[in-house]
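In: Give me a model of this one.
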Amino acid sequence: MTYIERLLESFTKVLNEPWQATLSGQERIWFLVYDPVEQRKVDFNMTEFETVSIRSGKKWNKVSLKRCFPTWLSKHEYRDDYFSYPKYIVDQLDADFMPFATQFLKSELAKIESDHNTITAIYDVSSIYGFARLSDLLKSCDQNFKGRLLIFFPGEFDQNHYRLLNARDGWDYLARPITVQ
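Out: Alright, predicted model coming up:
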């Protein structure tokens, strides 16, 4: 069995468990954790996750974070200066980009017609790496969706700590990890 097949099998097991209606927003987030070197294979097989979800009677939607940073930068009044002096952008990340990223995700989630039986896949999360913390972004949006958020997470999970791209210090989160068994 390939790595992706095992990941799909783990996802299917979690998907077919009974869904509790009383969970908090953070507890309704699932992290599909995989080795970052498998990113292209995961991307290529995204439709398999969708197919498994639909066969299980769930609705499927997806949101990419790939456009988040470029959209923010393209609208920034000092964008040309940042290309000449990239170190100056650091001051703007917490003050300006993080609120933009939060609003970006909230608006993407608002476009989706969802109910308690919906899976919304959030992918391309590595595209905000170094610009914003995924943990902060998810905490600010954990009440803005119904059903489950499925975070395609290239990183690792160890003892309730998540590490994006195996690089940053991990963070505790109440989300449900889905890992290769």
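In: which helices and strands sit right next to the helix or strand harbouring Thr71?
Out: If you go by DSSP states H and E, Thr71 is part of helix 68-75. Under the contact criterion of 3 or more Cβ pairs under 8 Å, 6 or more residues apart in numbering; DSSP states H and E, helix 68-75 touches helix 98-110. Bear in mind the C-beta positions are built from the backbone N, C-alpha and C, glycine included.
In: Identify the neighbouring strands of the helix or strand that comes right after the helix it packs on in the sheet and state each direction.
Out: The helix or strand immediately downstream of helix 98-110 is strand 118-123, counting by DSSP H and E. Taking DSSP bridges as the criterion, strand 118-123 pairs within the sheet with strand 59-64 (parallel), strand 148-158 (parallel).
In: what about these, which gets the closest to Arg176?
Out: strand 148-158 (8.5 Å; Cβ to Cβ).
In: quick one, that closest one and helix 98-110 angle?
Out: Orientation check (axes from the mean of the first three to the mean of the last three Cα atoms, to 10 degrees): strand 148-158 against helix 98-110 gives 130 degrees.
In: hmm, who's touching strand 148-158?
Out: Strand 148-158 is contacted by residues 19, 28-36, 38-39, 42, 46, 49, 118-126, 134, 138, 162-166, 170, 175, 177, 179 when judged by Cβ atoms under 8 Å, 6 or more residues apart in numbering.
In: same deal with stretch 53-72?
Out: Contact partners of stretch 53-72, identified using Cβ under 8 Å, 6+ apart, comprise 12, 15-16, 46, 50, 96-97, 100-101, 104-105, 108-109, 112, 114-115, 117-125, 127-128, 131, 147.
In: Next: stretch 10-29.
Out: Residues from elsewhere that reach stretch 10-29 (Cβ under 8 Å, 6+ apart): 30, 32, 49, 52-53, 56, 58, 116-117, 119, 138-139, 142-145, 147-149, 151, 173-176, 178-181.
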